[in-house]
Every structure is written in structure tokens, then in C-alpha cells.
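> Predicted model and sequence below, questions to follow.
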Amino acid sequence: MTSQAKVVLLACGSYNPVTNMHLRMFEIARDALHRTGRYQVISGVMSPVGDGYSKKDLVPSKHRCEMLKAALKSSDWIKMDTWECTQSTWSTTAKVLRHQKQQLEFLNNSTHKPSPSKRRRRQHNSVSDIQENQVPQIDIEGDHVPNIKLLCGADLLESFAVPGLWEEEDIEYIVGTHGLVVITRYGSDPLKFIYESDILTKFQENIFIVTEWIYNDISSTKVRRALRRGESVKYVLQDSVIDYIREHHLYGVPDNKYINHMMPSPNQEGNTEAEEKDSNSGEISVVLRSSQDSYSSLHLPLHRMSTNLDKRSPAKGTVSGRVPCFTDIGMLVKRVKNVRVGFTPETCV
Ligand SMILES: Nc1ncnc2c1ncn2[C@@H]1O[C@H](COP(=O)(O)OP(=O)(O)OP(=O)(O)O)[C@@H](O)[C@H]1O
Ligand SMILES: NC(=O)c1ccc[n+]([C@@H]2O[C@H](COP(=O)(O)O)[C@@H](O)[C@H]2O)c1
């Protein structure tokens with residue numbers, strides 16, 4: 001029986017924001033590699049691009065990392081490495097691969113896992129609270145350093161042909177030394193693309209194309225567009241990511257439109273009280289009527305409101321005519337399930 005080659009899958013991307021498809025790519029790739037019987041995938045690493053990458057609508061890496069961190073709670077084998085996004089300038093993918101390779105060699109040569117040096121700790125300060133994820137925990141057994149393969153969508157492979165985007169020597173290093181696992185994407189024809197490229201044909205045996213039969217053309221661009229328009233992205237992103245986006249008002253999420261689509265995930269329910277304590281700028285009580293026609297009141301911290309209420313003199317009381325828009329109230333009570341708001345449009349200005 002031949003021994004299986006150990007593989008680490010590395011995916012570089014903007015993750016702006018991370019989608020379920022970014023996570024699924026790892027599952028699809030691992031299944032495909034395992035099916036061959038030749039590989040054992042021991043870990044997955046996601047490396048978010050740094051802020052120096054001048055891509056339209058790229059939100060700061062601090063947010064993208066926090067969203068990734070939240071999303072990766074659902075995986076026990078995919079980790080984030082924040083090295084790339086804490087560099088002062090944009091790092092090419094070849095450079096990220098070199099760094100990952102060094103890390104693995106270091107791990108392999110030492111009996112102890114590396115602890116971040118003081119310098120690294122300083123570098124990571126800008127990305128709050130994600131230190132525990134910065135060095136992916138990879139268990140290496142045996143003498144062989146695992147092979148790192150770049151995991152990507154077919155569009156990334158096809159971007160190799162964009163003039164000036166990739167250095168030829170980088171492509172040679174990525175494909176020749178490491179290898180690619182390419183997930184098919186709508187509208188792409190990776191086999192034809194490889195056929196048309198001399199350099200890719202040369203290293204063809206290092207390119208593993210995986211057809212995603214459960215076709216899904218989620219992209220972060222489409223997600224950002226939906227968010228901007230106040231449309232639902234539930235089941236496209238992890239609930240924790242949706243929660244984060246809403247809390248930090250990323251991607252132009254409207255405060256007050258189509259709010260039913262932005263209902264909180266179950267893990268956010270019950271937060272209201274904590275947020276009240278948070279508030280140092282007063283609160284407002286909103287009277288609510290449940291479907292059983294019983295009434296309850298909800299105290300809402302003013303600093304969460306996107307209304308014209310005068311924060312300098314917050315008066316505790318019922319909603320008054322100073323709340324500018326009915327749907328703002330919908331926003332305010334969004335954490336209460338099965339409740340109809342028991343006030344009238346007169347509360348709008
Ligand atoms: N639906 C998908 N199918 C296959 N690969 C995908 C899919 N979505 C993203 N990828 C791949 O995930 C990697 C990281 O994606 P990245 O966040 O940079 O792109 P994206 O989701 O296409 O974002 P954007 O729309 O902002 O360009 C890339 O290799 C990309 O090809
Ligand atoms: N020359 C290069 O190394 C090169 C060029 C373009 C994109 N990339 C990387 O590809 C990933 C995805 O980029 P896009 O989101 O622009 O498709 C990013 O991690 C980016 O850094 C690398």
C-alpha cells in the first residue's frame with residue numbers, strides 16, 4: 001500500500017465578507033483529494049488579503065478577520081492565518097505560500113509549536129483579539145513536511161492570464177512547487193484554460209480540478225450588493241457573520257429597510273439587556289404587543305438608534321413624535337420575536 005501524501009490546503013482571498021462557499025471549497029477539495037486515495041488533507045488555512053490590496057469596497061482587514069474568525073467556529077479543521085493581512089504592504093500569493101512553507105518546516109523541525117515572537121505580537125495588535133488564530137495549529141506526524149496546495153476558484157486560475165497581474169516566476173513557483181486545487185465556477189473552463197497556457201500545461205499534473213456538482217455561484221460581490229440593497233443574505237453567510245456585519249454597519253447595510261430579512265440569528269437573542277447596560281446615553285421604552293395581545297415594554301439604548309432623538313436630554317418614556325421613521329422602530333425592536341409593534345404611524349415625523 002502506498003503512503004498518502006499529507007496536504008495543507010491554503011486559500012488566499014479578500015473574504016469581503018467570507019461566504020459559505022469560501023468554507024465549502026475546503027470541504028469539496030478535501031473530499032476530492034481523499035477520493036484519490038493518494039492524499040490526506042491535514043488542515044485548511046485561510047489567509048485574508050491585507051489592506052494594501054487595492055480592491056474596490058475592501059473593508060479593513062480588522063473586520064474581515066473578525067468575520068472569518070466567527071465563521072470558522074463552525075469548522076474543526078480550517079483555520080485562519082493573519083500573517084498576510086498584518087504585513088504593511090500587499091503580499092503576493094507566492095510570498096504567502098513561501099511563508100506558510102517556512103512555518104510548516106519550522107513546525108516539523110521543532111518539537112514545540114512556535115509561540116509568536118514579541119515582534120509578531122506587536123504586528124498583530126491592530127487586529128483585535130484574533131491572536132489565538134494567527135498560527136494555525138497543524139499536527140504534523142512523521143518526518144515529511146506536508147505539501148501546501150493553493151486552493152482557489154477557477155476564476156483565480158484564469159486571472160493568471162490577466163496582463164501584469166501575476167509574475168511568471170510566481171506562477172511557476174505556485175504551480176510547480178506547491179500545486180493547485182481548483183474548484184470549478186460558473187462560466188469557467190479550467191481545462192481549456194490550462195490547455196491554452198504553456199506554463200500551466202507544463203505543470204498540469206500539479207493541478208487538481210474539482211467539479212462542484214452542487215452548483216453554487218455565491219460571490220462576495222453579490223453578497224455586498226444584496227446587503228447594500230437591504231436584501232436577505234441568510235443561508236449565504238454564516239449567521240455570526242451577518243450579525244457582525246449588522247453590528248458594525250458594514251457594506252452600506254441600510255439601518256431601516258426590509259428589516260425582516262435581517263432578523264438576528266438565535267445566538268444573538270437575549271442581547272438586549274446587555275446592550276442596555278452598555279448604554280451611557282439614556283434609553284427609550286417602546287411598548288410592544290405580542291401576538292397574544294399581551295403587552296411588554298422594551299428599553300432601548302439611545303446610542304443604538306439611528307434617529308433624530310436628542311441624545312443630550314434623553315427622556316425615559318414612551319415613543320414620541322420625535323422618532324423620524326416607522327421602520328426605525330422596526331429596527332429597534334428587531335430582537336423581539338413574534339411581536340407586533342403596538343404604536344401607530346403618528347409616531348413618525
Ligand atoms: N462560488 C465560488 N466558487 C468557486 N470558488 C469561489 C467561489 N467564491 C469564491 N471562490 C474562490 O474563493 C477564493 C477567495 O475569494 P475572494 O474572496 O477573493 O473572491 P470572491 O468571493 O469571488 O470575492 P469578490 O466577489 O469580492 O471578488 C478565490 O480563489 C475565489 O476564486
Ligand atoms: N500576483 C499575485 O500574487 C496575485 C494577483 C492577483 C490576486 N492575488 C491574490 O488572489 C486572491 C484573490 O484576489 P481577488 O479577490 O482579487 O480575486 C487574493 O489573496 C490576492 O492577494 C495574487
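Everything's here; your move. Numbers count the residues shown, from 1 in each chain. Ligands and ions are numbered 1, 2, ... in the order given.
> Please make it C-alpha for all contacts and neighbour counts, starting now.
OK.
> what about residue 104, which helix or strand?
helix 93-109 (DSSP states H and E).
> Using PDB, list the CA coordinates for that helix.
What follows is helix 93-109 as a C-alpha-only set of coordinates in PDB (Å, rounded to 0.1, in the frame of the first residue of the first chain):
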ATOM      1  CA  THR A  93       0.300  34.800  -3.200                       C
ATOM      2  CA  ALA A  94       3.700  33.300  -3.900                       C
ATOM      3  CA  LYS A  95       5.100  35.200  -0.900                       C
ATOM      4  CA  VAL A  96       2.300  33.900   1.300                       C
ATOM      5  CA  LEU A  97       3.000  30.300   0.200                       C
ATOM      6  CA  ARG A  98       6.700  30.700   1.000                       C
ATOM      7  CA  HIS A  99       5.800  32.000   4.400                       C
ATOM      8  CA  GLN A 100       3.400  29.100   5.000                       C
ATOM      9  CA  LYS A 101       6.000  26.600   3.900                       C
ATOM     10  CA  GLN A 102       8.600  28.100   6.300                       C
ATOM     11  CA  GLN A 103       6.100  27.800   9.100                       C
ATOM     12  CA  LEU A 104       5.500  24.200   8.400                       C
ATOM     13  CA  GLU A 105       9.200  23.400   8.100                       C
ATOM     14  CA  PHE A 106       9.700  25.200  11.400                       C
ATOM     15  CA  LEU A 107       6.900  23.200  13.000                       C
ATOM     16  CA  ASN A 108       8.400  20.000  11.600                       C
ATOM     17  CA  ASN A 109      11.900  20.700  12.900                       C
END
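> Check which residues of that helix are buried.
Residues of helix 93-109 classed as buried: 93-94, 96-98, 100-101, 103-104, 107-108 (neighbour count, 16 or more other CA atoms under 10 Å).
> Throw these into JSON lines and include pLDDT, thanks.
Compiled in JSON lines, the buried residues of helix 93-109 are given as follows (pLDDT from 0 to 100):
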{"residue": "93", "pLDDT": "98"}
{"residue": "94", "pLDDT": "98"}
{"residue": "96", "pLDDT": "98"}
{"residue": "97", "pLDDT": "98"}
{"residue": "98", "pLDDT": "97"}
{"residue": "100", "pLDDT": "96"}
{"residue": "101", "pLDDT": "94"}
{"residue": "103", "pLDDT": "89"}
{"residue": "104", "pLDDT": "89"}
{"residue": "107", "pLDDT": "79"}
{"residue": "108", "pLDDT": "76"}
